[in-house]
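[1] Test case, fold it:
(2 chains)
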Number of protein chains: 2
Amino acid sequence: MIREKYARLAYHRFPRITSQYLGHQRADTAPPEEGLPDFHPPPLPQEDPYCLDDAPPNLDYLVRMQGGILFVYDNKKMLERQEPHSLPYPDLETYTVDMSHILALITDGPTKTYCHRRLNFLESKFSLHEMLNEMSEFKELKSNPHRDFYNVRKVDTHIHAAACMNQKHLLRFIKHTYQTEPDRIVAEKRGRKITLRQVFDSLHMDPYDLTVDSLDVHAGRQTFHRFDKFNSKYNPVGASELRDLYLKTENYLGGEYFARMVKEVARELEESKYQYSEPRLSIYGRSLEEWPNLAHWFIQHKVYSPNMRWIIQVPRIYDIFRSKKLLPNFGKMLENIFLPLFKATINPQDHRELHLFLKYVTGFDSVDDESKHSDHMFSDKSPSPDVWTSEQNPPYSYYLYYMYANIMVLNNLRRERGLSTFLFRPHCGEAGSITHLVSAFLTADNISHGLLLKKSPVLQYLYYLAQIPIAMSPLSNNSLFLEYSKNPLREFLHKGLHVSLSTDDPMQFHYTKEALMEEYAIAAQVWKLSTCDLCEIARNSVLQSGLSHQEKQKFLGQNYYKEGPEGNDIRKTNVAQIRMAFRYETLCNELSYLSDAMKSEEITALTK
Amino acid sequence: MIREKYARLAYHRFPRITSQYLGHQRADTAPPEEGLPDFHPPPLPQEDPYCLDDAPPNLDYLVRMQGGILFVYDNKKMLERQEPHSLPYPDLETYTVDMSHILALITDGPTKTYCHRRLNFLESKFSLHEMLNEMSEFKELKSNPHRDFYNVRKVDTHIHAAACMNQKHLLRFIKHTYQTEPDRIVAEKRGRKITLRQVFDSLHMDPYDLTVDSLDVHAGRQTFHRFDKFNSKYNPVGASELRDLYLKTENYLGGEYFARMVKEVARELEESKYQYSEPRLSIYGRSLEEWPNLAHWFIQHKVYSPNMRWIIQVPRIYDIFRSKKLLPNFGKMLENIFLPLFKATINPQDHRELHLFLKYVTGFDSVDDESKHSDHMFSDKSPSPDVWTSEQNPPYSYYLYYMYANIMVLNNLRRERGLSTFLFRPHCGEAGSITHLVSAFLTADNISHGLLLKKSPVLQYLYYLAQIPIAMSPLSNNSLFLEYSKNPLREFLHKGLHVSLSTDDPMQFHYTKEALMEEYAIAAQVWKLSTCDLCEIARNSVLQSGLSHQEKQKFLGQNYYKEGPEGNDIRKTNVAQIRMAFRYETLCNELSYLSDAMKSEEITALTK
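    Down below sits the predicted model:
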């Protein structure tokens, strides 16, 4: 019920069936497609994806940040009166109370036992299902015409744009630029213009000799449990100059090289036809200019691709900016991140490029090393962002709350205007404290990683009941936090958690040209997944993604948003109806157990 | 010493260094490139690979089979006198004595303990090497210009031609033929001509609806420990008609479809530039016409590719042919396999097509389910092949001896004429009895699989000392005999056994377009192999392969045939010299231990 409240407020998704068992929704009221997030459908083939003319009129609302959250005022008078526009505004106290409620729940002994047993039961039940129905499922798939694992849609639900090309691709691109334009001016240092040749000269290297070894962007045994070393792998040849030149959107070339590589990756996806991806681009919150610059980069270099939808990642590195005196307080960082979005939503006419770019942005991610410990314990006594001036980094749950709160207000404002909304899809549970998964349980539509659900049966069961999508990247984990064979993906999938497969960083982790296929192939081989398993994961990935309602209908079937077998069109998904029925019945069974228990408790309470 | 004798007789390879420690060869005598097998260099770009004009003159020798082995006579008089041409002829008695010698050795308690300890020592020594030198090795690779894992040569040392395309490729090809030529006559049944459309009509299917699921050629969980089920996966849609039409060299279309697919695979290899493969084509031994037909197929459809070298596989299925009354005895099967080769070697002018085809054939493989048990115990009392008329299949070691013996005679005859020789490269140690690995220890140049070396420390140590190359296919094993995580490849590699990676059957096992890269990627990921490990495996694969001396010099360096670091050219192989030195010193150390022990035993014997 708690999650449902947060989800509804932010236009996140919550399973209808779970809601129903909670007694909140009757199956016969409300059209089933209500409550879906709102994403722009892609432009039609004859439409110009860069058309700047359809910006809706300016509203001239005013926006002010108060306590880390942006408030919208209809006009100056309302601002003076401190009467914000009627949008749901989240409340810090509620959040901290809800957090501690769930925290108490996950450490409660009997609850732990109950959830542990139910999860074991779910796993055994799937084994039984597999033994009994494996051949029937496969028979269903064999008689399904024209659709197999290769031509079902798959979305790479978690991938960083700056590492979306594989190491060989980056290497080839670097060599190519050096061969074709060595004398091009590519940087400026203290007023001196520098050519590409000079960049390499100053690094004492000849790109002809460059190899993937000397490029050294691939994660190896040295990166295990060393997120710091891993982060430095983003620097080709260990040189931050090359990262700036090739992997950034803001540099002397206006991010041209990066855009070209991303577009090459996009072309490959388009050729593959059935693969989509949701690359993360960074907004750091150092200045208000980042958003217009990013939108300009996107449009100037024509980065749009029908096979890509964009997510904005915000690194949790306030402490670094603060220690460099780039920011006065945490509130300013939030303002830099969100204010431009509010302005572009209120006055699209004055922010045409950003308004356009936002059509292709479907969510936010929160990224960084989760294993970094924070001394601060978030509570309603914590300093508010505008007075968070210390050099200490706020804790994970603090970041998540303030990102969620602003996204929520923004979504409601955009919904009012008929504009697309955003999903909050943070990295969560890759490492660090279990409380991260509690924060995300409240605030996230879906998460990336979720490894640590392994350690908390209560949370794992809650993530199951709420069917929270989890984008898992076992190859990434294998290089950083958890050996492949110990990865819980297979177990989660069996139990019925809503998992998808994603690559995270093809540049660092993958060997072949088709990183997502490599990910599926290895999972299939190591865990002996069946075709039905693979297609179920692929279907999950489309559901989880920011692809629009129209696309999902095309890729998964007209009724994809309905739960259970009626939401599945085997001709499009190649997932057996037997499997879908099993999943649905199992979930209903778990939910009815709980609701029966709740009812009998109510009766006991009444008769006492 | 025993293996060395067999190797020398058949022009198989034996490590110079091991030979030296056995006291058989002095480092300063004999040019180092002597004793290499002799393969034709590929035709130059301006040469026609199908030119039939260079057949050497006829010799008019006579050939007769006696006791399962082909004997060559200079003329009729010599035949009458029973004086065969002076070629080394192998001796059944010696073979059975040698076999029992090794069999005694591998079951001897103290020897087992010794080998077990040495192998443990080798493994620990490598761990130590890794801990101390991992970074130095990587540094060496980083400073190695222009060469990395992607552009070192890799040979797929074990792959079956009939499964060399992946499942998606086969599917696409079937659909394509149906789209472009549905009315072509593709088969004849009881005098009635059948079109492609009719083939599919009779199977009640429309190729448009066909998927990889309904094609059903991929191995899944159902094939584990079920080689019989696996073999039936060669039939697309379970229909042997389609196997005949698409995956055979002999059919109404003269094997055109199969040739076209193989050539598509070859084009992909050529484009990749750095990947080579050694596909197996079948000769069954049912009739003498198989060889000329195969050669004709090869030339007619222009199947030659610079990136492929061919191996002939002989399935061990005498029992099936015998029970169908296709063969009177086992000797006839051997005759059908080898007689055409002797004739083409003696009278190339009269067998121009076969003579040409043999230029591109570099070895023989022996294939079938090794887990099938044989009741017969091979000894010098066993019936000779010409009187093996029973319906029972001869045991593995019997097959191996007679194939080896005939290849050996053939190689000597060909060497005399300055023609290329063949390597014997049987499947061995995939399953079944440990004696298979003993037979191959004597008779094989190198083997495929070798999994069961895991179970015999003595044999494993012998395979190490003799540096017998092993083409391993962990993904194939994973579907058939041994889970991926339990595969001994990593352990073998660490100890210093000469292992390479191969795909076996991309159609059944792999998911991506690049099956060999998938194999390397999964091994690298699951076992966290370093770049140096991967490049060492790739170098092993080239050494093990039937690529010519000239190609090996180009791909591995001028002195590739020398052992130890002087045989390694890091600029071509990307294997660190530190690694090569470690391997060489370790092997020398093991050998000197043994030779010292032998000497001290001799001294003890003398002084007694």
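[2] what packs against the least confident helix or strand in chain A by mean pLDDT?
    None of the helices or strands of chain A scores lower by mean pLDDT, DSSP states H and E than helix A:227-232, at a mean of 87. Packing partners of helix A:227-232 (3 or more Cβ pairs under 8 Å, 6 or more residues apart in numbering or on different chains; DSSP states H and E): helix A:474-480. For glycine as for every other residue, the C-beta is placed from the backbone atoms N, C-alpha and C.
[3] Centre of the chain to the helix it packs on, how far?
    17 Å (Cα atoms, centre = their mean, to the nearest Å).
[4] Then stretch A:66-78?
    On Cα atoms, centre = their mean, the centre of stretch A:66-78 falls 28 Å from the chain's centre.
[5] Residue nearest the middle of chain A, spatially speaking?
    A:R425 (3.6 Å; Cα atoms, centre = their mean).
[6] can you pull the contacts of that residue?
    A:311, A:363-365, A:444-448, A:471 (Cβ atoms under 8 Å, 6 or more residues apart in numbering or on different chains).
[7] of all those residues, which two lie farthest apart?
    A:F364 and A:A471 (14.1 Å; Cβ to Cβ).
[8] per-residue pLDDT, whichever residue of the stretch 251-400 of chain A sits closest to chain B?
    Nearest to chain B in the stretch 251-400 of chain A, going by Cβ to the nearest Cβ, is A:S272, at a distance of 10.4 Å. Note on A:S272: pLDDT of 93.
[9] wait, what's in contact with it?
    Per Cβ under 8 Å, 6+ apart, neighbours of A:S272: A:E514.
[10] helices or strands up against the helix or strand where A:Y114 lies?
    According to DSSP states H and E, A:Y114 maps onto helix A:109-142. Under the contact criterion of 3+ Cβ pairs under 8 Å, 6+ apart, helix A:109-142 touches helix A:457-465, helix A:489-495, helix A:531-544, helix A:577-607, helix B:212-215.
[11] does any part of the second one sit near chain B?
    No - judged by Cβ under 8 Å from any Cβ of the partner chain, helix A:489-495 stays clear of chain B, getting no closer than 12.8 Å.
[12] how about the residues of the stretch 451-600 of chain A near chain B?
    Of all the residues in the stretch 451-600 of chain A, those lying near chain B are A:475, A:478, A:484-485, A:509-514, A:517-518, A:520-522, A:524-526, A:528, A:530-531, A:574, going by Cβ under 8 Å from any Cβ.
[13] Now that we have those, which of them are buried?
    Buried subset of these (neighbour count, 16 or more other Cβ atoms under 10 Å in any protein chain shown): A:475, A:478, A:484, A:509-514, A:517-518, A:520-522, A:524-526, A:528, A:530-531, A:574.
[14] Okay, and which of the residues you listed map to helices?
    A:475, A:478, A:509, A:517-518, A:520-522, A:524-526, A:531 (DSSP state H).
[15] Now for these: which two are most distant?
    Among these, A:F509 and A:T531 lie farthest apart (Cβ to Cβ), at 24.6 Å.
[16] Could you tell me which residues make contact with the residue nearest to A:S371 when sequence neighbours are not counted?
    Excluding the flanking residues, the one nearest A:S371 by Cβ to Cβ, 6 or more residues apart in numbering or on different chains is A:A431, at 3.9 Å. Counting by Cβ under 8 Å, 6+ apart, A:A431 makes contact with A:227, A:369-371, A:451-452, A:481.
[17] Next, work out how far apart the residue nearest to A:D350 when sequence neighbours are not counted and chain B are.
    Excluding its sequence neighbours, the residue lying closest to A:D350 (Cβ to Cβ, 6+ apart) is A:N58, at 6.4 Å. Going from A:N58 to chain B by Cβ to the nearest Cβ, to the nearest Å gives 51 Å.
[18] what separates A:N58 from B:L594, distance-wise?
    89 Å (Cβ to Cβ, to the nearest Å).
[19] The two: who's more crowded?
    B:L594 (17 against 13; other Cβ atoms under 10 Å in any protein chain shown).
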